[in-house]
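1. Just the structure for this:
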Amino acid sequence: MQNKTTLYERLLKKEASLSVIGLGYVGLPIALAFARKVKVVGFDIRMDRVEMMKEHSDPSGELPGEAFDHTDVLFTADAEDLRSCAFHIIAVPTPVDSHNLPDLRPLLAATRTVAGVLKKGDYVVYESTVYPGATEEDCLPILERISGLKALTGFKIGFSPERINPGDKEHNLATITKVVSGCDAESLDQIARIYEMVVEAGVHRASSIKVAEAAKIIENAQRDINIAFVNELSIIFGRMNINTYDVLEAAATKWNFLKFTPGLVGGHCIGVDPYYLTFKAAEYRYHAKVINAGRYVNDSMGFYVAKQCVKQLIRSGKNVLSCRVLVMGATFKENVSDIRNSRVADLVGELKQFGISVDVTDPYARHEELLHEYGFGLSPELRNDYDAIVVAVNHKPYLELTEDDLLSSSNGPGILIDVKGIFRNRIKKMKYWSL
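-> Residues are numbered from 1 along each chain as shown. Got it, this is the predicted structure:
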């Protein structure tokens with residue numbers, strides 16, 4: 001009697017296809033990596049993005065055109081094209097709403113899409129960051145209800161959290177150990193083997209789906225708390241007239257000191273994921289004090305930097321209502337075009353609340369996206385009379401600037417607010433402040 005052909009083998013022989021639902025900064029690299037090994041259907045609800053990818057252009061601006069070469073992939077916005085697929089990877093955003101509560105709408109919509117094409121024997125693996133329990137408690141019932149199939153006997157599910165770091169060319173899908181999990185031993189083995197096709201660093205087999213979900217969410221919660229600690233230190237040391245970066249440099253001489261640096265914490269991971277954990281903790285009647293405290297500190301930093309800028313203007317004898325400030329950098333982190341949850345918007349908004357005229361520049365951000373998301377765009381032309389310059393994001397082009405470059409845009413000696421301290425010990429003429 002012949003052994004049953006596994007899904008892993010069917011994919012390798014191209015007898016079945018693999019789908020990726022959601023082709024953003026996480027989904028597209030996954031789709032392209034697998035498309036060098038197996039047949040892939042890449043699905044996204046935005047037709048404009050699909051058309052760009054058909055032309056070998058990454059809408060997120062992360063991947064070069066050659067990343068699309070030698071791939072067997074169909075980009076589509078038609079859910080019917082997913083019917084040929086037997087292994088579905090869901091990699092859609094999981095944001096929070098205006099009250100910092102989990103917004104599962106994109107995830108549940110993607111789940112309904114997959115459920116509509118699910119066949120007996122198919123696999124559904126989630127990569128979207130969620131709180132522990134979301135895959136089995138929120139998504140699984142939808143898959144069963146719409147497909148008419150039952151988990152384990154009809155189809156299998158798993159969770160393998162994304163670990164993509166936007167703008168990072170060194171740490172990527174192939175080089176980062178992949179955490180995988182499944183609903184039973186067979187699914188865990190199949191999911192692990194399938195991901196091992198494209199992850200050179202190997203996989204870690206988590207003991208359960210909830211463990212994998214929890215592992216992902218604490219990765220970012222841990223970073224959030226550590227950054228909040230140094231942000232709070234920067235506030236304390238600022239009152240003591242001590243340079244925070246000098247302190248961190250000295251402390252880092254100890255072998256086990258964790259050197260985090262202060263700054264604005266935004267984006268769709270560190271600035272969002274802890275809220276998923278605190279939300280779930282509340283369901284179990286526990287108020288997560290440390291995690292919420294870290295979120296409070298980090299969410300306040302844009303307003304804090306703006307107030308420090310205003311104080312510097314006043315100390316320089318400026319009439320704040322007639323001041324003009326240039327904010328350099330609008331994305332959530334350096335060297336990316338992503339503006340989601342950028343705390344620079346808090347900084348800009350607070351400066352404007354003081355009646356200050358604000359111009360914004362960024363070599364990577366898109367004017368239309370900023371305007372739509374935050375109500376301000378990029379300034380078409382920069383001036384040479386700014387009373388203060390705020391370097392909010394340490395983009396690579398900014399690292400190459402000299403003090404004379406900054407002075408050429410300043411009204412007199414001017415004020416430099418260097419959020420990330422990239423000009424530390426390089427400024428001699430301008431009034432200087434950093435976290």
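2. going forward, measure contacts and count neighbours with C-alpha atoms only.
-> Fine.
3. now the residue lying closest to residue 150 once chain neighbours are set aside: how far from residue 107?
-> Among residues not flanking residue 150 along the chain, residue 144 sits closest, at 5.5 Å (CA to CA, 6 or more residues apart in numbering). As judged by CA to CA, to the nearest Å, residue 144 and residue 107 stand 16 Å apart.
4. more neighbours, these two?
-> Taking neighbours as other CA atoms under 10 Å, residue 144 and residue 107 compare with residue 107 leading, 26 against 16.
5. Next up, the contacts around the more buried one.
-> 90, 92, 93, 94, 128 (CA atoms under 8 Å, 6 or more residues apart in numbering).
6. Surely the fourth one is in contact with residue 104?
-> Yep, that's residue 94 we're talking about. Yes: the criterion here is CA atoms under 8 Å, and residue 94 meets it with residue 104 at 6.0 Å.
7. residues making contact with the particular helix or strand that has residue 190 in it?
-> Secondary structure assignment for residue 190, by DSSP states H and E: helix 185-196. Contacts of helix 185-196 with the rest of the structure, by CA under 8 Å, 6+ apart, involve 6-8, 156-158, 178, 180-182, 202-203, 205.
8. Output the residues you listed in JSON lines, with neighbour count, pLDDT and distance to residue 409 appended to each entry.
-> Shown next, in JSON lines, are the contacts of helix 185-196 (neighbours: other CA atoms under 10 Å; pLDDT from 0 to 100; distance: CA to CA, whole Å):
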{"residue": "6", "neighbour count": "9", "pLDDT": "92", "distance to residue 409": "64"}
{"residue": "7", "neighbour count": "22", "pLDDT": "93", "distance to residue 409": "61"}
{"residue": "8", "neighbour count": "20", "pLDDT": "94", "distance to residue 409": "59"}
{"residue": "156", "neighbour count": "23", "pLDDT": "97", "distance to residue 409": "60"}
{"residue": "157", "neighbour count": "27", "pLDDT": "98", "distance to residue 409": "56"}
{"residue": "158", "neighbour count": "25", "pLDDT": "97", "distance to residue 409": "54"}
{"residue": "178", "neighbour count": "23", "pLDDT": "95", "distance to residue 409": "46"}
{"residue": "180", "neighbour count": "28", "pLDDT": "97", "distance to residue 409": "51"}
{"residue": "181", "neighbour count": "31", "pLDDT": "97", "distance to residue 409": "54"}
{"residue": "182", "neighbour count": "27", "pLDDT": "97", "distance to residue 409": "56"}
{"residue": "202", "neighbour count": "18", "pLDDT": "94", "distance to residue 409": "50"}
{"residue": "203", "neighbour count": "19", "pLDDT": "96", "distance to residue 409": "50"}
{"residue": "205", "neighbour count": "18", "pLDDT": "97", "distance to residue 409": "54"}
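9. Tally up the residues packed near residue 247, please.
-> Neighbour tally, residue 247, other CA under 10 Å: 13.
10. Count the residues that sit near residue 4.
-> 7.
11. Against residue 85, how distant is it?
-> From residue 4 to residue 85 the distance is 19 Å (CA to CA).
12. Which of the three states applies to residue 325?
-> strand (DSSP: H, G, I helix; E, B strand; the rest coil).
13. Tell me if I'm right that it and residue 382 touch.
-> No: counting by CA under 8 Å, residue 325 stays clear of residue 382, with 10.7 Å between them.
14. distance of residue 391 from residue 308?
-> 13 Å.
15. rewinding a little: of residue 325 and residue 382, who's got more company?
-> Of the pair residue 325 and residue 382, residue 325 is the one with more neighbours under other CA under 10 Å, namely 26 against 13.
16. who touches that one in this structure?
-> 356, 357, 358, 359, 386, 387, 388, 389, 390.
17. now it, which residues is it bridged with?
-> Residue 325 has these beta-bridge partners by DSSP bridges: residue 358, residue 388.
18. Kindly provide the distance from it to residue 308.
-> In terms of CA to CA, residue 325 sits 13 Å off from residue 308.
19. And residue 363, by the same measure?
-> In terms of CA to CA, residue 363 sits 25 Å off from residue 308.
20. Next: residue 291.
-> 26 Å.
21. what's the answer for residue 68, then?
-> For residue 68, the distance to residue 308 - CA to CA - is 46 Å.
22. more neighbours, these two?
-> Just comparing residue 68 and residue 308: by other CA under 10 Å the higher neighbour count belongs to residue 68, 23 against 16.
23. So the closest residue to that one other than its chain neighbours versus residue 342, what's the distance?
-> Using CA to CA, 6+ apart and skipping residues adjacent in sequence, the residue nearest residue 68 is residue 56, 5.8 Å away. To residue 342, residue 56 is 28 Å away according to CA to CA.
24. Over to residue 68?
-> For residue 68 relative to residue 342 (CA to CA), the value is 29 Å.
25. cool, residue 300 as well?
-> From residue 300 to residue 342 the distance is 12 Å (CA to CA).
26. Please identify which of the two sits among more neighbours.
-> residue 342 (24 against 18).
27. what pLDDT does the closest residue in space to the more buried one that isn't next to it in sequence get?
-> Closest residue to residue 342 apart from its sequence neighbours, by CA to CA, 6+ apart: residue 332 at 4.2 Å. With respect to pLDDT, residue 332 scores 93.
28. residues in contact with residue 332?
-> 264, 265, 266, 267, 338, 339, 340, 341, 342, 343, 344, 393.
29. If you count contacts, what does the longest strand along the chain end up packed against?
-> In the chain, assigned by DSSP state E, the strand with the most residues is strand 410-418. Other helices and strands packing on strand 410-418, by 3 or more CA pairs under 8 Å, 6 or more residues apart in numbering; DSSP states H and E, are helix 289-315, strand 386-391, strand 431-434.
30. before we move on, back to that, make a markdown table out of the contacts of helix 185-196 and add secondary structure and distance to residue 414.
-> Compiled in a markdown table, the contacts of helix 185-196 are given as follows (DSSP: H, G, I helix; E, B strand; the rest coil; distance: CA to CA, whole Å):
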| residue | secondary structure | distance to residue 414 |
| --- | --- | --- |
| 6 | coil | 67 |
| 7 | helix | 64 |
| 8 | helix | 63 |
| 156 | strand | 62 |
| 157 | strand | 58 |
| 158 | strand | 56 |
| 178 | strand | 48 |
| 180 | strand | 53 |
| 181 | strand | 55 |
| 182 | strand | 58 |
| 202 | coil | 52 |
| 203 | strand | 52 |
| 205 | strand | 55 |
